[in-house]
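*Asks:* coords below, sequence missing:
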Ligand SMILES: Cc1cc2nc3c(=O)[nH]c(=O)nc-3n(C[C@H](O)[C@H](O)[C@H](O)COP(=O)(O)OP(=O)(O)OC[C@H]3O[C@@H](n4cnc5c(N)ncnc54)[C@H](O)[C@@H]3O)c2cc1C
């Protein structure tokens with residue numbers, strides 16, 4: 001595929017898209033004619049006065065990620081035409097850059113072959129178990145929506161078989177309990193998607209021959225599904241951004257289609273049966289995410305998975321504009337899992353630990369730097385905007401439940417929580433505490449270190465490893481000059497040089513004493529004393545969205561009165577009610593939604 005094709009594909013709106021351009025767009029995705037074709041300009045009646053349909057299909061899928069592809073394929077394989085729209089010039093969303101760890105259970109063929117006794121009822125019990133609690137008192141599953149979990153439990157194994165039958169391969173033949181979060185305590189369910197010969201999105205390169213079968217990555221999910229979709233004649237419109245969802249009237253009747261923009265022009269795509277919202281969540285939208293946590297101001301600009309794709313809440317906002325409700329807010333604010341995480345690659349904007357952008361990635365011009373991976377947090381101190389330490393740098397992130405975390409586990413049993421030792425992993429909360437100036441966000445967090453640390457870690461603190469141009473990394477000969485050098489819009493106040501000097505001097509005295517009198521860092525090991533000195537962005541990163549649109553067990557979107565919005569479906573990170581990290585939730589809900597969307601009546 002070339003982006004040029006899709007850039008040219010929809011010169012639309014004021015300048016109408018031509019049939020030849022449509023066919024070229026279809027050629028990008030496989031077979032436009034099979035997918036739905038062109039509704040002659042103004043030929044299909046639309047309810048909103050003046051609204052005309054430029055395109056139409058039975059099912060319109062918004063987003064080409066983990067939820068979008070299963071939804072599109074299931075509907076297409078049931079015999080219906082499907083158009084997918086994708087705002088980016090590439091398919092895959094966060095699924096493409098993900099680690100590929102996929103906890104689908106409930107009795108998959110591979111679980112059975114490995115002698116693992118798992119059932120939908122066990123999945124349901126696990127993911128609704130009120131008694132599973134983390135060491136900070138936060139429960140993983142208590143606030144999940146029972147109808148949504150029942151549907152997930154019942155469709156987990158069928159979704160897994162669906163993925164296998166569409167060419168998705170796994171690194172192992174049996175599931176284990178590694179990676180991921182909050183997928184149940186009672187049985188191994190985690191499978192790892194093999195990248196095979198597909199390129200890694202983080203650097204654009206495949207692994208050496210033979211290595212891809214044992215290396216997990218989400219592109220091993222997306223590429224086979226994308227190939228199947230093209231083969232089946234699903235039409236995929238890249239760089240087509242959904243900007244509104246049409247309904248018969250703004251607050252009543254069935255959903256009729258969507259509005260998209262492409263190259264500055266607007267077009268309307270009619271959905272004869274259903275629209276599926278698979279837009280991947282809301283964590284990248286500052287005002288939206290602050291509804292759930294006011295602290296999440298703009299400095300948290302290092303969303304995991306960006307800049308490959310954003311989570312801008314466009315699906316949620318367009319659905320809410322026609323009456324949709326949100327659901328399950330606790331799942332977003334509960335302090336467990338990876339929704340809020342520490343940046344492990346420092347000195348760059350996108351520092352999520354499991355995704356190191358490298359030259360060769362299609363978005364490296366936007367990512368700009370790989371960052372320096374911190375192997376040992378003894379090598380740096382972390383300071384706030386005022387140059388003050390705030391916590392033990394080696395502290396752990398939030399924890400989450402997984403297979404076998406609780407020994408002698410019995411579902412819904414009070415004993416599961418009885419022996420938990422209270423030990424809150426509060427690093428993130430301290431980092432977001434702010435500087436007492438009345439602002440909600442904690443401001444930038446900076447890693448401060450010296451040349452000795454660089455040598456111990458084996459870092460090369462020069463571009464493209466660090467982002468000097470955009471102000472995410474600084475170097476100076478003195479500590480005071482380092483503080484003076486910081487210039488980035490998120491740094492609301494100048495860091496007082498004397499503060500940073502005092503902080504470093506005090507920390508060095510802790511190293512001499514063998515004791516961190518302020519934060520109990522386990523035996524501080526290294527002084528910061530040999531220049532040059534360095535200052536690297538180490539601000540917490542945002543990850544999952546776990547609150548989204550209210551859906552029912554069929555993945556139909558529900559409004560503020562508890563009524564179904566006919567013809568509107570949602571799954572993945574844009575859907576609420578299921579607190580489970582990532583791919584399993586998204587693929588399964590796409591599968592469920594596609595199945596039900598295909599059964600919708602065809603509307604005129
Ligand atoms: C670095 C990283 C590692 C991860 N590792 C794992 C893992 O190992 N295991 C796991 O289970 N999960 C993992 N995840 C999470 C997982 O990738 C996501 O939860 C999953 O992809 C969500 O699926 P989705 O369909 O909701 O969104 P996505 O897969 O992100 O797809 C959404 C798509 O919608 C598009 N879109 C958004 N708005 C619009 C619009 N208005 N118009 C048109 N298109 C739009 C986006 O560009 C995107 O392509 C990881 C995520 C990241 C970022």
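*Replies:* Arrived safely, thanks for sending. Everything quoted here is computed from the prediction, not taken from an experiment.

*Asks:* hey, which helix is longest across this structure?
*Replies:* helix 146-165 (DSSP state H).

*Asks:* What is the subsequent helix or strand relative to it?
*Replies:* strand 190-192 (DSSP states H and E).

*Asks:* what's whichever helix or strand comes after that next one packed up against?
*Replies:* Using DSSP H and E, the next helix or strand after strand 190-192 towards the C-terminus is helix 219-232. Judged by 3 or more Cβ pairs under 8 Å, 6 or more residues apart in numbering; DSSP states H and E, helix 219-232 is in contact with helix 68-77, helix 93-97, strand 235-237. Yep, even glycine has a C-beta here, placed from its N, CA and C like the rest.

*Asks:* so what secondary structure elements neighbour the longest one?
*Replies:* Under the contact criterion of 3+ Cβ pairs under 8 Å, 6+ apart, the helices and strands touching helix 68-77 comprise strand 55-62, strand 82-85, helix 146-165, helix 219-232, strand 265-277, helix 583-598.

*Asks:* got JSON lines for these, with mean pLDDT, distance to residue 542 and mean neighbour count too?
*Replies:* Listed next are the helices and strands packed on helix 68-77 as JSON lines, based on pLDDT from 0 to 100; distance: least, Cβ to Cβ, whole Å; neighbours: other Cβ atoms under 10 Å:
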{"stretch": "strand 55-62", "mean pLDDT": "98", "distance to residue 542": "22", "mean neighbour count": "29"}
{"stretch": "strand 82-85", "mean pLDDT": "98", "distance to residue 542": "25", "mean neighbour count": "30"}
{"stretch": "helix 146-165", "mean pLDDT": "98", "distance to residue 542": "23", "mean neighbour count": "21"}
{"stretch": "helix 219-232", "mean pLDDT": "98", "distance to residue 542": "22", "mean neighbour count": "22"}
{"stretch": "strand 265-277", "mean pLDDT": "98", "distance to residue 542": "20", "mean neighbour count": "25"}
{"stretch": "helix 583-598", "mean pLDDT": "98", "distance to residue 542": "17", "mean neighbour count": "28"}
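
*Asks:* Distance to the ligand added to those, as CSV?
*Replies:* CSV is the format used below for those (distance: least, Cβ to the nearest ligand atom, whole Å):
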stretch, distance to the ligand
strand 55-62, 5
strand 82-85, 5
helix 146-165, 12
helix 219-232, 8
strand 265-277, 9
helix 583-598, 3
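
*Asks:* In JSON lines, list those along with distance to residue 303.
*Replies:* Shown next, in JSON lines, are these (distance: least, Cβ to Cβ, whole Å):
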{"stretch": "strand 55-62", "distance to residue 303": "19"}
{"stretch": "strand 82-85", "distance to residue 303": "21"}
{"stretch": "helix 146-165", "distance to residue 303": "25"}
{"stretch": "helix 219-232", "distance to residue 303": "19"}
{"stretch": "strand 265-277", "distance to residue 303": "19"}
{"stretch": "helix 583-598", "distance to residue 303": "17"}
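
*Asks:* Compare those and give me the one nearest residue 254.
*Replies:* strand 265-277 (8.9 Å; Cβ to Cβ).

*Asks:* now that closest one: how far from the chain's centre is it?
*Replies:* Relative to the centre of its chain, strand 265-277 is centred 24 Å away, using Cα atoms, centre = their mean, to the nearest Å.

*Asks:* again with stretch 431-451
*Replies:* Counting by Cα atoms, centre = their mean, stretch 431-451 comes out at 24 Å from the chain centroid.

*Asks:* List the buried residues in it.
*Replies:* 431-435, 441-451 (16 or more other Cβ atoms under 10 Å).

*Asks:* what about the closest residue to residue 440 other than its chain neighbours, neighbour count?
*Replies:* Distances taken as Cβ to Cβ, 6 or more residues apart in numbering place residue 294 nearest to residue 440, at 4.7 Å, with adjacent residues excluded. Residues within reach of residue 294, counting by other Cβ atoms under 10 Å, total 10.
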